[in-house]
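> Provided below for reference: sequence and predicted model.
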Amino acid sequence: MADTTKRFVTLHGRIFLRADIELLTGLHIGGAAAGLEIGGLDKPVIRNPRTNEPYIPGSSLKGKLRSLMEKAHGAPQTFRVNEGVFVHAPENDADYRKYRMINGVFGMLPRWGPQGSRSAFVVPAPTRLAVRDVPLSEQSRRELERLRTDLPFTEIKWEAAIDRVTSAAAPRQIERVPAGAVFGPAELVYSVYVGQNEQLAEVVALFDTVIEALLHLEDDYLGGMGSRGNGRVRLRNLNISARRISNGQYSSEMLFDSQPALLQEIDRAALKTWLAQTFA
């Protein structure tokens, strides 16, 4: 009989996806207001406190990708994160495997049973996908400085909330990074962790989930107020590579032969074959 009290996870290597994120419409990812002031911004963007430049938090990008995959695959929203915010969290092994393209890539929060007891279900491997913060590109930084935008690197977009009863308008100011700006390089790192009852080949094949999620992102939006025109993005200058680990030693970084300029140009079948051969 197998000893279920013992757990192991083996790291076989990492897969890297790097790309620039081009804004096709203005981007708003909210940050904390410095303080209340008359005529101040209603919704400021998040900025690097050291450089004052806007950036895309890795948490915002990863959270959006996970949310899109949950919707695309109809994963039930079973775990409350915050008021009105729910995500999918598996309750057993069958549920985990059914939605493995979500839980096996983006990770999951621990489930708790009655009276604060830990759920009996144990995740077989750690979170595989890490998403880095994405800085404003050097070229866009120089361009936005030259343009002398409303605020450093950003524009002010006026909107009006309409009272549905009186039709009265309440104007508000939204800060956005202007369309045409580029953030990058973005870096998504997929760790090839293999846990109990998992096979290396199937874990490597799960990387295709990352490509699928990014394709959904291009059809959707990033950041806030996307239904009102914000946050349409396009990935370009893609670079996919991998490194194996053997006996604690990294191999040299291996590049996927076909480096597409745009996300839609990726040959997903060829990429799957290359990754399978790389980690064979």
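Yep, it's here.
> list the contacts for the residue nearest the centre of the chain?
For the chain, residue 62 is the residue whose C-alpha lies nearest the centre (CA atoms, centre = their mean; 2.1 Å). Residue 62 makes contacts with 106, 129, 131, as judged by CB atoms under 8 Å, 6 or more residues apart in numbering. From N, CA and C alone the C-beta is placed, and that goes for glycine too.
> doesn't residue 58 make contact with residue 29?
No. Counting by CB atoms under 8 Å, residue 29 does not reach residue 58; the two are 11.4 Å apart.
> so where does residue 276 fall, helix or strand?
According to DSSP states H and E, residue 276 maps onto helix 268-278.
> so which bits of that helix are buried?
For helix 268-278, burial by neighbour count (16 or more other CB atoms under 10 Å) applies to 271, 274, 275, 278.
> over to stretch 68-79?
68, 69, 70, 75, 79.
> coming back round to it: which one's more surrounded, residue 29 and residue 58?
Neighbours per residue (other CB atoms under 10 Å) separate residue 29 from residue 58, with residue 29 holding more: 21 against 16.
> quick one: the more buried one from residue 230, how far?
9 Å (CB to CB, to the nearest Å).
> please enumerate the shared neighbours of the two.
When contacts are counted by CB under 8 Å, 6+ apart, residue 29 and residue 230 are jointly contacted by 223, 224.
> distance of the spatially closest residue to residue 230 that is not a sequence neighbour from residue 195?
The shortest distance from residue 230 to any non-neighbouring residue, by CB to CB, 6 or more residues apart in numbering, is to residue 28 (5.2 Å). Residue 28 sits 39 Å away from residue 195, going by CB to CB.
> okay, these two: which has more neighbours?
Comparing residue 28 with residue 195 by other CB under 10 Å, the one with more neighbours is residue 28, at 25 against 16.
> who are the contact partners of residue 57?
Here residue 57 is in contact with 29, 46, 133 (CB under 8 Å, 6+ apart).
> and the first one, backbone torsions?
Note on residue 29: backbone dihedrals following degrees, to the nearest 10 are phi -120, psi 110.
> distance between the ends of stretch 221-239?
One end of stretch 221-239 to the other measures 22 Å (CA to CA, to the nearest Å).
> what's in contact with that stretch?
With contacts defined as CB under 8 Å, 6+ apart, stretch 221-239 is touched by 16-30, 43, 56, 60-61, 64, 159, 174, 176, 184-186, 214, 217-218, 220, 255, 259-263, 266.
> just the buried members of the residues you listed?
Neighbour counting over these (16+ other CB under 10 Å) leaves 16-23, 25-29, 43, 56, 60-61, 64, 174, 176, 184-186, 214, 217-218, 220, 260, 263, 266 as the buried ones.
> out of these, which are inside helices?
Using DSSP state H, the members of these that fall in helices are 60, 61, 64, 214, 217, 218.
> kindly reformat these as CSV containing distance to residue 7.
Output for these, formatted as CSV (distance: CB to CB, whole Å):
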residue, distance to residue 7
60, 31
61, 30
64, 31
214, 31
217, 33
218, 38
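> let me have those residues in CSV, extended by pLDDT and distance to residue 150.
Formatted as CSV, these follow (pLDDT from 0 to 100; distance: CB to CB, whole Å):
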residue, pLDDT, distance to residue 150
60, 96, 22
61, 97, 25
64, 96, 26
214, 98, 31
217, 98, 27
218, 98, 27
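> and residue 257, how many neighbours does it have?
Using other CB under 10 Å: residue 257 sits among 10 other residues.
> what does residue 162 give?
For residue 162, the tally of surrounding residues (other CB under 10 Å) stands at 10.
> before we move on, back to that, which residue in the buried residues of stretch 68-79 has the weakest pLDDT?
Lowest pLDDT among the buried residues of stretch 68-79: residue 79, with 78.
> so that one touches residue 85, yeah?
No. Counting by CB under 8 Å, residue 79 does not reach residue 85; the two are 9.7 Å apart.
> just name the shakiest helix or strand of this protein by mean pLDDT.
Within the chain, no helix or strand scores below strand 79-82, which has a mean of 78 by mean pLDDT, DSSP states H and E.
> sheet-wise, list the partners of it with their directions.
Strand pairing for strand 79-82, using DSSP bridges, gives strand 85-87 (antiparallel).
> next structured bit after the partner strand?
Trace forward from strand 85-87 with DSSP H and E and the next one is helix 93-98.
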